[in-house]
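Asks: what shape does this take:
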Amino acid sequence: MAGVLGLLSLLLLLALWRAPRFAQVRVKAQGLAPGFPGQEGEGQVAVEVWAPLPLFFRLENLPAAPLGLEPRGLSGMAWGKIPLTLPLSCRYRRRGEHPLRLILRLTSPLGLGERLLSLEAGRVLVYPSLRPLPPFEPAPSFFLEGRAEPFGLPDPLEAKGLRPYQPGDSLRLLAKQASLRQGRPFVREVEKSLLGGLFLHLDTQSLHPAYLDHAASLAAWLLLQAEKKGAQYGLSAGEVLPLGRGKAHLVRTLSLLARLQPTPGPSLPPKAPFGSTYFLISQGAEESFLEATLRGAAQARQGVLLLLPEGYFLYPGEKGRVAFGKTPGLARALAMKGLLLAHGISLRVVRGHQTLTL
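Replies: Numbers count the residues shown, from 1 in each chain. The predicted structure follows:
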């Protein structure tokens with residue numbers, strides 16, 4: 001009998017020692033939406049622990065400087081299926097796609113066994129920083145158009161006048177008060193304008209650590225201005241997004257800029273959509289990049305090559321040292337300035353000690 005009890009005790013101690021290994025864990029982040037630097041976010045991490053034997057646990061989130069994540073922790077005992085919720089508070093700081101990591105420590109009641117789990121609850125997108133920059137007006141398109149609305153209906157708030165109703169007019173544009181006064185149906189006449197399309201290409205070859213952040217910040221500003229005006233815009237930055245507009249399209253472009261990573265060589269620009277303004281940003285201006293720029297501008301209405309030789313520019317209010325000499329990329333671009341202009345591309349150079357001008 002004593003031998004059986006001893007064997008059972010030994011098996012119990014062995015089970016307690018191995019108990020942390022039997023536990024299963026699921027983790028998922030909630031509520032931490034993409035945002036811009038300086039924006040505060042509130043969310044939580046949902047962790048589900050299934051433990052067939054009693055266990056002590058300690059759940060902590062690892063610090064993340066780009067997210068400004070405050071350290072939080074949670075302790076207790078788990079037995080069976082236990083849902084855990086760890087609240088998180090952060091203040092976004094740096095552009096990128098940053099992982100949200102946690103540490104879960106599982107310990108048996110007698111301290112015989114321990115298991116340390118490194119968990120990734122997901123990734124949080126931080127968009128490029130937004131600072132006021134000079135406006136840029138794309139060349140007007142060849143066709144009159146109004147602001148796009150859901151289901152293809154024009155926006156009555158864009159009306160510039162009234163006219164008699166004609167068969168085929170949308171009833172959404174019906175001017176009820178004017179129709180009652182005139183005794184016949186009148187509709188609002190929607191204003192049309194020449195909205196230029198903007199196609200933006202970012203050369204991802206980075207010769208300075210700040211280049212991609214400055215280029216992405218400028219690109220985000222230009223795209224947001226185009227969206228605000230109701231113009232179409234597209235982006236080429238490792239992936240090509242065709243011309244479009246609307247909230248969903250804006251989120252796709254900002255997400256692409258947030259995930260932007262440097263490449264060892266130049267990213268060659270694709271062909272510009274017909275009638276669009278071709279806007280290119282580069283630091284290195286390699287020969288292959290310049291040649292692809294000439295080919296890509298064939299269908300563009302207007303072309304602009306913005307060169308950042310030092311990889312950065314000064315934001316309003318900043319000061320820097322004067323940059324002397326010419327970088328290899330600047331020398332190559334200046335040597336081809338006439339050829340670029342002949343293909344409809346104007347070269348604009350912003351040195352590191354200068355504020356941005358467009």
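Asks: hey, let's count contacts and neighbours off CA atoms from now on
Replies: OK.
Asks: wait, doesn't residue 115 sit right on residue 108?
Replies: No. Counting by CA atoms under 8 Å, residue 115 sits too far from residue 108 to count as a contact (9.1 Å).
Asks: the two - which one has more neighbours?
Replies: Just comparing residue 115 and residue 108: by other CA atoms under 10 Å the higher neighbour count belongs to residue 108, 21 against 15.
Asks: name the SS class of the nearest residue to that one once chain neighbours are set aside, please.
Replies: Nearest residue to residue 108, sequence neighbours excluded (CA to CA, 6 or more residues apart in numbering): residue 55, at 4.9 Å. The three-state label given to residue 55 by DSSP: H, G, I helix; E, B strand; the rest coil is strand.
Asks: check what pLDDT residue 55 gets.
Replies: Residue 55 is assigned 88 on the pLDDT scale.
Asks: quick check: bridge partners of it?
Replies: Counting by DSSP bridges, residue 55 forms beta bridges with residue 78.
Asks: so what's it up against?
Replies: Residue 55 makes contact with 19, 20, 77, 78, 79, 106, 107, 108, 109 under the criterion CA atoms under 8 Å, 6 or more residues apart in numbering.
Asks: can you count the residues close to the residue lying closest to the third one once chain neighbours are set aside?
Replies: When you say that, I think you mean residue 77. Closest residue to residue 77 apart from its sequence neighbours, by CA to CA, 6+ apart: residue 56 at 4.4 Å. Neighbour count for residue 56, taken as other CA under 10 Å: 18.
Asks: residues in contact with residue 56?
Replies: By CA under 8 Å, 6+ apart, the neighbours of residue 56 are 75, 76, 77, 78, 106, 107, 108, 109.
Asks: mind running it again at 6 Å?
Replies: Going by CA atoms under 6 Å, 6 or more residues apart in numbering, residue 56 touches 76, 77, 106, 107.
Asks: now residue 125: which helix or strand?
Replies: strand 114-126 (DSSP states H and E).
Asks: so what does that strand touch, helix or strand wise?
Replies: strand 24-30, strand 96-107 (3 or more CA pairs under 6 Å, 6 or more residues apart in numbering; DSSP states H and E).
Asks: for the protein, just list every one of the strands.
Replies: Assigned by DSSP state E, the strands in the chain fall at 24-30, 40-61, 73-91, 96-107, 114-126, 159-164, 186-190, 198-202, 233-236, 240-244, 277-282, 302-307, 345-349.
Asks: give me the buried positions along the second one.
Replies: If you call a residue buried by 16 or more other CA atoms under 10 Å, then strand 40-61 has these buried ones: 41, 44-51, 53-57, 59-61.
Asks: before we move on, what about the fifth one?
Replies: Neighbour-count burial for strand 114-126 flags 114, 119, 121, 122, 123, 124, 125, 126 (criterion: 16+ other CA under 10 Å).
Asks: what does the pLDDT read for the first one?
Replies: Model confidence at residue 114, given as pLDDT, is 86.
Asks: that one and residue 107 touch, don't they?
Replies: Yes. Residue 114 lies in contact with residue 107 (CA atoms under 6 Å); the separation is 4.4 Å.
Asks: report the beta-bridge partners for the closest residue to residue 345 other than its chain neighbours.
Replies: Nearest-residue entry for residue 345: residue 303, 4.1 Å, with adjacent residues in sequence omitted and distances by CA to CA, 6+ apart. Under DSSP bridges, the beta-bridge partners of residue 303 are residue 278, residue 345.
Asks: enumerate every residue touching residue 274.
Replies: 299, 300.
Asks: switch to 10 Å and redo it
Replies: 141, 197, 297, 298, 299, 300, 301 (CA atoms under 10 Å, 6 or more residues apart in numbering).
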